[in-house]
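Asks: Following is a predicted model, sequence given first.
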Amino acid sequence: MKAVALAMATFKEAIRKKVLLVLLVFAFIFIGSSLLFTYFSGGEEIRMVKDVGLTGMLVFGLLIATFLGMSLIPTEIEKRIIYTILSKPIRRLEVVVGKYLGAALAVLIMVLLMGLVFMGLVFFKEHTLSLITALAIILTFFELLVVLAMAVTFSTFTSSTLSVVLTIFFYILGSSSDSLQYLGGRSDSPLLKAAVKGFGYLIPNFEVFNIRSQVLHNEAVPWVYIFKAMIYGLLLSAALLIVAGMFFQEKEV
């Protein structure tokens, strides 16, 4: 219950941040701009709308999740609010989880708003809505949950700036995980193969959440795959939060 109360307080604080509102407005503009590109796409109008829309949701969602994650704990420390929180009978892991859940709820609202605009544009151009498009939005949210958890984890033992850098760095690596594994597998060096494989276990595989190609070609994705991707996102986020709780436990505040 303490974590839930902290989550609701964090959510209310998050949605009042002007930076998030600005990012959301720019996201709407970017997603809406897909209609302008359709005039140059040579008959690939709906694919352009979907591609630009999904890209916009992911990019601005990444910025929102990273900004929220890196500021949750450091802001509380800077404002000395953390002392009031920790003076109550609440464990530090509960603080991390509560702050994360509040930020996750804010991210969910942002994704839903961007998703509504995106789906509206798709319906405007295609006059129908496909299930695969909705599933892509759902997986985008689960992808952002992992990004948020990464940012929170890094913020417990680094500065806010470094937290952003590390989050984006590992996101880029995680988004190229399959490609790195493929290149490593083709190497003649057993040591390099082992190193690449081991490294693959240490970074999140964000390609799991990417079904953009299926959306653009209106191809079905097995429900088993969708559920596995969602569970992977939840488990990975939980593991990151446990690590964040351990670092926060050792942090002097």
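Replies: Yep, that arrived. Numbering: from 1, shown residues only.

Asks: which residues of this protein fall in helices?
Replies: Using DSSP state H, the helices of the chain run over 2-14, 18-32, 34-37, 45-78, 81-86, 92-126, 131-155, 160-175, 177-185, 190-202, 212-216, 223-250.

Asks: My guess is residue 226 contacts residue 136. True?
Replies: No: taking CB atoms under 8 Å as the definition, residue 226 is not a contact partner of residue 136, at 10.0 Å. No exception for glycine: its C-beta is placed from N, CA and C like everyone else's.

Asks: what residues are up against residue 221?
Replies: Going by CB atoms under 8 Å, 6 or more residues apart in numbering, residue 221 touches 132, 135, 211, 214.

Asks: Could you do residue 70 as well?
Replies: Taking CB under 8 Å, 6+ apart as the criterion, residue 70 is in contact with 151, 152, 154, 155, 160, 163, 164, 167.

Asks: Distance check, it against residue 19.
Replies: To residue 19, residue 70 is 12 Å away according to CB to CB, to the nearest Å.

Asks: Equivalent analysis for residue 49, please.
Replies: 27 Å.

Asks: swap in residue 222?
Replies: Distance from residue 222 to residue 19, counting by CB to CB: 38 Å.

Asks: cool, and residue 225?
Replies: From residue 225 over to residue 19 (counting by CB to CB), the distance is 35 Å.

Asks: Just the closest of the contacts of residue 70 to residue 26, please.
Replies: Checking the contacts of residue 70 against residue 26 by CB to CB gives residue 164 as the nearest, at 17.7 Å.

Asks: Quote the end-to-end distance of stretch 36-54.
Replies: Across its full length, stretch 36-54 reaches 16 Å between end residues, using CA to CA, to the nearest Å.

Asks: ok, residue 13 - contacts?
Replies: Under the contact definition (CB under 8 Å, 6+ apart), the residues listed for residue 13 are residue 102.

Asks: for residue 109, same thing?
Replies: Contact criterion CB under 8 Å, 6+ apart gives residue 15 as the residues in contact with residue 109.

Asks: where's it relative to residue 121, distance?
Replies: With distances defined as CB to CB, the gap from residue 109 to residue 121 amounts to 19 Å.

Asks: List the residue ranges of the protein that fall below the pLDDT cut-off.
Replies: Across the chain, residues meeting the criterion (pLDDT under 70) sit at 1, 37-43, 177-201, 252-253.

Asks: coming back round to it: quick check: the farthest pair among the contacts of residue 221?
Replies: Between all members of the contacts of residue 221, the longest pairwise span (CB to CB) is found for 135 and 214 and amounts to 8.7 Å.

Asks: Which one's more surrounded, these two?
Replies: residue 135 (20 against 16; other CB atoms under 10 Å).

Asks: Please compute how far stretch 167-174 lies from its chain's middle.
Replies: In terms of CA atoms, centre = their mean, to the nearest Å, the gap separating the centre of stretch 167-174 from the centre of its chain is 11 Å.

Asks: How about stretch 137-156?
Replies: In terms of CA atoms, centre = their mean, the centre of stretch 137-156 is found 4 Å from the chain centre.

Asks: mind saving the C-alpha coords of that stretch as CSV?
Replies: What follows is stretch 137-156 as a C-alpha-only set of coordinates in CSV (Å, rounded to 0.1, in the frame of the first residue of the first chain):
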residue,chain,number,x,y,z
ILE,A,137,1.5,0.0,-29.7
ILE,A,138,1.2,-2.4,-26.8
LEU,A,139,4.7,-3.8,-27.3
THR,A,140,6.0,-0.2,-27.6
PHE,A,141,4.7,0.4,-24.1
PHE,A,142,6.4,-2.7,-22.7
GLU,A,143,9.6,-1.7,-24.5
LEU,A,144,9.4,1.7,-22.8
LEU,A,145,8.8,0.0,-19.4
VAL,A,146,12.3,-1.6,-19.7
VAL,A,147,13.8,1.8,-20.8
LEU,A,148,12.2,3.4,-17.8
ALA,A,149,13.6,0.7,-15.5
MET,A,150,17.1,1.1,-17.0
ALA,A,151,17.0,4.9,-16.4
VAL,A,152,15.8,4.4,-12.8
THR,A,153,18.6,1.9,-12.2
PHE,A,154,21.3,4.1,-13.6
SER,A,155,20.1,7.1,-11.7
THR,A,156,20.6,5.3,-8.4
